[in-house]
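Colleague: Return a 3D structure for these sequence lines:
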Amino acid sequence: MEIEIKLQVEEGTTQEQLDRYGEIFNLLVKTGALDGVKGGRTVIHFDEDGNFRGIICDYWVWKKREV
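Modeller: Reported below is the predicted structural model:
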């Protein structure tokens, strides 16, 4: 199944920026970092030049629940 998601951006957004947004968004969805993290957080990392470098998901894999 293929789904198309439209992103409305401000006038003057370059194709390079759109490609960058697409890469980040696709990876967030593909890895489950966008909606697969419950009770945790997703961190998007960029280097000192602002280049996208990775995604970290921080969540409990197991946690003892109080009874």
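
Colleague: which element is the residue nearest to the spatial centre of the chain on?
Modeller: By Cα atoms, centre = their mean, the chain has its centre lying nearest to L28, at 3.3 Å. Following DSSP states H and E, one finds L28 within helix 15-31.

Colleague: and the residue lying closest to L27 once chain neighbours are set aside, what does it touch?
Modeller: Take L27 and drop its neighbours on the chain: the residue closest to it by Cβ to Cβ, 6 or more residues apart in numbering is I55, 6.1 Å away. For every residue, glycine as well, the C-beta is placed using N, CA and C. Taking Cβ atoms under 8 Å, 6 or more residues apart in numbering as the criterion, I55 is in contact with L27, L28, T31, A33, T42, V43, I44, H45.

Colleague: Convert the C-alpha atoms of stretch 8-17 to CSV, please.
Modeller: Extracted in CSV, the C-alpha atoms of stretch 8-17 (Å, rounded to 0.1, in the frame of the first residue of the first chain):
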residue,chain,number,x,y,z
GLN,A,8,2.4,22.5,3.2
VAL,A,9,5.5,24.8,3.4
GLU,A,10,6.1,28.4,3.1
GLU,A,11,6.8,30.0,-0.2
GLY,A,12,10.6,30.1,-0.9
THR,A,13,11.2,26.6,0.4
THR,A,14,13.9,25.0,-1.8
GLN,A,15,13.8,21.5,-3.3
GLU,A,16,16.9,20.7,-1.2
GLN,A,17,14.9,21.5,2.0
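
Colleague: can you list contacts of that stretch?
Modeller: With Cβ under 8 Å, 6+ apart, stretch 8-17 has contacts from L18, Y21.

Colleague: switch the cut-off to 6 Å
Modeller: The contact list for stretch 8-17 (Cβ atoms under 6 Å, 6 or more residues apart in numbering) is empty.

Colleague: likewise stretch 41-51?
Modeller: Contacts with stretch 41-51, where a contact means Cβ under 6 Å, 6+ apart, come from A33, F52, R53, G54, I55, I56, C57, D58.

Colleague: roughly how far apart are V61 and I55?
Modeller: 17 Å (Cβ to Cβ, to the nearest Å).
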